[in-house]
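*Asks:* Give me coordinates for this.
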Amino acid sequence: MSNLDPVVQIGDWYYQVIYGQLWPVSAPSKTEQMVRLEPRLHSLLNFFLLHPNTLLAKDVLIEKVWPAEEGTDAAVMRAVGALRKVLGDDVKAPCYIATVSKKGYCWLADINTIPLAELQHFVAENSLVATEHEQAADVKERWPWRFISITAAVVFIVCASLAYVLATFTAAPLVKLPDTISPISALSGQEYWPVMNDLHSHVVYQHKAPDSNHYNLSLQQLADLRVEHLPQQYQQLSEPHWLDAQHIIFRGSSDDGHCQFYRQQVLPHAGMPTALWHCNKVMPQAMVRWNEQWLWLDSATDGNQLQLWLAKPDSVAQKLRSLNVSYRQLEHMVVRDDQLYLLAQETQHNTLLLQVNLPDGELQRLAAFPYTISQFSWWDNTQLLLASAEQELQLYDLKHGSMQSLGPLTRELTQARRYGAQVLATQFLDYTTDILRVTPAKEGYQLSPWHVSNRSERLVAVGQHGTAFISERAGFSQIWLAQGNASTQLSRLNEQQQVQQLLWHNQQLLVLINNRLYQQPLNSPELNLYPEQAANPGRYASCNNQLYWTDLTSDGWTLFTLQQNDVQPVLPGVVDVRCAPGQNLVVQFAADAELGLFTAAGEVQQLPVRIAWREQDAEQWFVDNSGIYWLTADKRNVLAYRWQPGDVQPLALPEAKPMLAIYSAGDGLGYVVRPRPHDTDIVWLQNRR
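*Replies:* This is a model prediction of the structure:
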């Protein structure tokens with residue numbers, strides 16, 4: 001056979017292929033009789049089962065099962081002997097593994113498929129429960145003595161009380177940190193949003209081939225890691241969901257931007273996608289199953305309102321309700337019973353956890369995080385698994401409001417979801433960003449490296465004392481100052497401090513860290529908290545020696561300034577502010593994508609520039625004395641509206657490669673931040689066995 005089912009019967013054993021777990025056929029539901037193979041025996045048994053009734057030489061086993069330069073004849077003999085011992089095989093009268101003298105080994109036992117109904121029952125009974133009961137595997141039968149029962153009850157009460165005290169007063173879940181990352185996919189290009197089926201036999205995920213701007217869905221079998229790429233190409237794709245044992249459901253958009261929900265058969269063979277419901281926007285993780293129906297978020301036509309929709313796959317979609325929100329993004333949600341949990345990017349810098357009682361409850365604010373969280377999923381019934389930008393995976397306890405990190409090993413992981421004792425996630429491999437200097441050339445511009453290292457650089461602020469930027473070259477993100485060809489590290493931040501904006505104000509370097517504004521001295525690493533703080537800052541700007549900022553208040557977005565040590569509101573509805581020539585400001589309104597020029601006379605003049613603040617990062621446009629510059633929707637080109645002659649023109653950059661941010665050097669485009677070519681893989685995060 002060329003591949004294996006997720007669970008097979010071999011002789012007197014049921015064998016779960018993915019996890020290397022064996023149960024006696026006579027008692028498959030008694031988890032205390034489960035045997036978990038060590039990694040080498042797991043790989044060896046899988047290879048035997050993929051090549052039944054085939055003579056396998058020791059050299060073949062060394063090449064296919066052992067890492068390079070680790071396999072020996074003696075190692076093979078020991079492993080085969082250990083596997084025979086686990087299976088209860090007799091070397092003189094073998095039922096499982098036969099030894100062919102001086103030639104190798106041969107697998108003898110039949111490999112039988114388990115009927116679907118029995119398989120589903122088996123997986124439900126054993127696959128996830130087994131890992132929870134590993135520590136109970138060696139427990140002997142209880143002694144039939146009454147005092148033993150009383151003692152056990154007392155111990156249970158004491159342990160429960162201790163657990164309650166620990167949970168209440170330490171507010172930290174006691175979870176063993178994972179220590180191993182094992183790749184599942186090793187494709188060229190990038191893979192995202194992995195989801196495993198209920199039988200734990202297949203994973204479906206997005207795939208983006210090298211040098212391609214389109215995505216497709218790929219199906220990977222976990223027994224032999226065979227991959228099948230579905231041929232359909234999409235400009236954007238959402239996280240896929242398993243509709244049943246054979247079909248998936250997802251949201252995608254074509255080159256013309258048309259958004260559609262699709263159902264597609266993937267097992268046992270791939271079929272053509274069938275259109276289900278129309279949508280306005282492809283959201284990454286905004287769809288859940290609830291009460292045998294599908295519930296999802298979609299943006300309204302004007303883009304300023306969110307709608308909650310409900311439908312069964314074969315029925316017409318119904319709008320459940322509209323959500324009037326002022327958040328920057330609301331694109332991730334999970335559900336448990338009748339509680340819907342959502343992640344809202346309140347501003348560009350922070351994230352809220354919200355709750356809605358279905359079907360018609362109001363949005364309730366549960367927690368606020370002073371940094372951005374890119375995705376979440378369930379860890380267990382009371383804890384959420386959070387993937388934060390530039391940070392480790394974290395667990396958030398809904399009951400106690402406590403947080404626990406899963407350790408530095410998880411720093412490059414995102415889109416994580418727990419399956420039993422393992423976590424399926426997307427890993428970014430060697431992801432780095434560079435700051436490139438932009439200078440005029442005879443025809444257009446030329447780009448050259450500027451303080452480039454082998455770690456990520458980002459955020460640029462040009463001032464009289466030099467150019468400040470953020471670099472990870474010393475480990476975690478730190479503030480650096482470039483003066484000529486020399487650069488100096490200014491800060492000593494830890495991994496929990498996320499730098500969100502840099503700016504110069506009255507010859508002082510200000511830095512926004514975890515939603516708090518600080519002054520960074522140029523001769524000391526000690527940060528000084530700035531006297532005035534916005535509750536939910538959007539953007540700070542220093543114009544004509546005066547500090548301006550936008551703040552999301554209870555009345556909505558508002559532009560503020562500081563005059564004679566007194567905070568004064570300037571203009572309502574403003575989500576972003578930049579300095580313009582003279583005494584003017586360029587303002588971005590929350591209700592409209594068009595920018596406005598706020599004059600010294602207090603008037604607002606409409607500008608011929610549209611920047612959707614919910615879609616475009618604040619670091620992807622700037623204003624200086626020459627004009628307004630911004631990235632196009634595909635982030636590969638820069639457009640410029642120059643004050644003179646007052647029209648919009650593209651800049652002739654030498655390469656149309658993706659850019660993450662652009663900055664002024666004082667008179668036009670001066671710096672761009674670009675990611676280096678990188679891959680992503682789908683991986684297991686787990687503990688060593």
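*Asks:* got the residue ranges for the strands in the stretch 101-250 of the chain?
*Replies:* 104-107, 111-113, 180-183, 190-196, 202-208, 216-221, 227-229, 236-237, 241-242, 247-253 (DSSP state E, counting those that start in this stretch).
*Asks:* quick check, residue 619 in a strand?
*Replies:* No: when classified by DSSP: H, G, I helix; E, B strand; the rest coil, residue 619 is found to be helix rather than part of a strand.
*Asks:* hang on, it packs against residue 661?
*Replies:* Yes: using CB atoms under 8 Å, residue 619 is in contact with residue 661, at 3.8 Å. C-beta coordinates here come from the backbone N, C-alpha and C atoms, glycine included.
*Asks:* List the contacts of residue 513.
*Replies:* 493, 497, 498, 499, 500, 527 (CB atoms under 8 Å, 6 or more residues apart in numbering).
*Asks:* Show the model's pLDDT score for it.
*Replies:* pLDDT for residue 513: 94.
*Asks:* Show me what it is bridged to.
*Replies:* Beta-bridge pairing for residue 513 (DSSP bridges): residue 499, residue 516.
*Asks:* dump the residue contacts of residue 483.
*Replies:* 465, 466, 467.
*Asks:* Low-confidence regions, this protein specifically.
*Replies:* Applying pLDDT under 70 to the chain flags residues 1-3, 27-32, 68-69, 115-176, 302-304, 688-689.
*Asks:* any idea where the helices of it begin and end?
*Replies:* Ranges of helices in the chain, per DSSP state H, are 39-50, 58-65, 73-87, 116-122, 129-132, 146-165.
*Asks:* sorry, back to before: most neighbours, which of the contacts of residue 513?
*Replies:* Compared across those, residue 500 has the highest neighbour count, 27 neighbours, by other CB atoms under 10 Å.
*Asks:* I'd say it and residue 347 touch.
*Replies:* No: applying CB under 8 Å as the test, residue 500 and residue 347 come out as separate, 9.2 Å apart.
*Asks:* Name the residues contacting each of these two.
*Replies:* residue 515.
*Asks:* mind listing what the closest residue to residue 240 other than its chain neighbours touches?
*Replies:* Nearest in space to residue 240, with sequence neighbours left out and distances taken as CB to CB, 6 or more residues apart in numbering, is residue 250 at 4.3 Å. Applying CB under 8 Å, 6+ apart, one finds that residue 250 lies in contact with 217, 237, 238, 239, 240, 241, 261, 262, 264.
*Asks:* domains of the protein?
*Replies:* Domain assignment for the chain by automatic domain parsing gives 7-136, 176-282, 433-675.
*Asks:* Just put the ones you listed in CSV and tack on distance to residue 296.
*Replies:* Formatted as CSV, these follow (distance: least, CB to CB, whole Å):
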stretch, distance to residue 296
domain 7-136, 27
domain 176-282, 8
domain 433-675, 18
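*Asks:* residues touching residue 194, list them.
*Replies:* Residue 194 neighbours (CB under 8 Å, 6+ apart): 184, 203, 204, 205, 415, 417, 424, 425, 426, 682.
*Asks:* quick check, nearest of these to residue 394?
*Replies:* Nearest to residue 394 out of those is residue 425 (CB to CB; 13.2 Å).
*Asks:* how deep is that closest one tucked in, by neighbour count?
*Replies:* Counted with other CB under 10 Å, residue 425 comes out at 26.
*Asks:* Show me what it is bridged to.
*Replies:* residue 683.
*Asks:* Then residue 336?
*Replies:* Beta bridges link residue 336 to residue 339, judged by DSSP bridges.
*Asks:* pretty sure it contacts residue 378?
*Replies:* Yes: the pair residue 336 / residue 378 is scored as a contact, 6.9 Å apart, by CB under 8 Å.
*Asks:* Can you show me the CA trace of stretch 421-441 as PDB?
*Replies:* Output of stretch 421-441 as PDB, limited to C-alpha atoms (Å, rounded to 0.1, in the frame of the first residue of the first chain):
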ATOM      1  CA  ALA A 421      -1.100  17.300  23.300                       C
ATOM      2  CA  GLN A 422       0.300  19.000  20.200                       C
ATOM      3  CA  VAL A 423      -0.100  22.300  18.500                       C
ATOM      4  CA  LEU A 424      -0.400  22.700  14.800                       C
ATOM      5  CA  ALA A 425       1.100  26.100  13.700                       C
ATOM      6  CA  THR A 426       2.700  28.100  10.900                       C
ATOM      7  CA  GLN A 427       6.400  28.800  11.400                       C
ATOM      8  CA  PHE A 428       8.200  31.700   9.700                       C
ATOM      9  CA  LEU A 429      11.700  30.600   8.600                       C
ATOM     10  CA  ASP A 430      14.500  33.200   8.700                       C
ATOM     11  CA  TYR A 431      12.000  36.100   8.400                       C
ATOM     12  CA  THR A 432      13.900  39.400   8.400                       C
ATOM     13  CA  THR A 433      13.300  42.900   7.200                       C
ATOM     14  CA  ASP A 434      15.700  45.500   5.900                       C
ATOM     15  CA  ILE A 435      15.700  49.300   5.800                       C
ATOM     16  CA  LEU A 436      16.800  50.500   2.300                       C
ATOM     17  CA  ARG A 437      17.900  54.000   1.400                       C
ATOM     18  CA  VAL A 438      16.200  55.600  -1.500                       C
ATOM     19  CA  THR A 439      18.200  58.200  -3.500                       C
ATOM     20  CA  PRO A 440      17.300  59.900  -6.800                       C
ATOM     21  CA  ALA A 441      19.000  58.600 -10.000                       C
END
